[in-house]
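Colleague: Kindly generate the corresponding structure for this input.
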Amino acid sequence: MIYTFATLDPRPTDSARTANDALLAKEVLGVEVTVPVLADRCTAGNLDPQHLGGDAATAAIEAALTWPLPPAHTTLATVRPDADSVGA
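Modeller: Numbers count the residues shown, from 1 in each chain. Now for the predicted structure:
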């Protein structure tokens, strides 16, 4: 499968909104997108069991083992490229 990877910009600035709008116009799977307004726009879902009212005991890297693969050419995006989100 062919995927692209990106970081969403959580800042409330015009440049961040413009960049996020361009990215979110595509098929996007969020990976730990912890900003609700951005998570809601991830068309392929948001792999984030720990945040936004989810399962605080399960890390994204663990949940990724059973998460279905998104369609080819989906962008995998996060707001925080840390070990858990990038590993997932």
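Colleague: can you tell me which residues contact the spatially most central residue of the chain?
Modeller: Taking C-alpha atoms, centre = their mean, the centroid of the chain lies closest to G30, which sits 1.8 Å from it. Going by C-beta atoms under 8 Å, 6 or more residues apart in numbering, G30 touches 8, 38-39, 42, 44-48, 77-78. C-beta here means a position set from N, CA and C on the backbone, and glycine is covered the same way.
Colleague: Take the residues you listed and keep only those in strands.
Modeller: Counted as lying in strands by DSSP state E, out of those, are 46-47, 77-78.
Colleague: Any quick ChimeraX command for the buried ones out of these?
Modeller: Remark: buried members of the ones in strands among the contacts of G30, expressed as a ChimeraX selection using 16 or more other C-beta atoms under 10 Å:
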select :46,47,77,78
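Colleague: Looking at the ones in strands among the contacts of G30, which one is closest to T66?
Modeller: L47 (10.3 Å; C-beta to C-beta).
Colleague: and the helix ranked longest in the chain, how far out from the chain's middle?
Modeller: In the chain, taking DSSP state H as the definition, the longest helix is helix 14-24. Offset of helix 14-24 from its chain centre (C-alpha atoms, centre = their mean, to the nearest Å): 14 Å.
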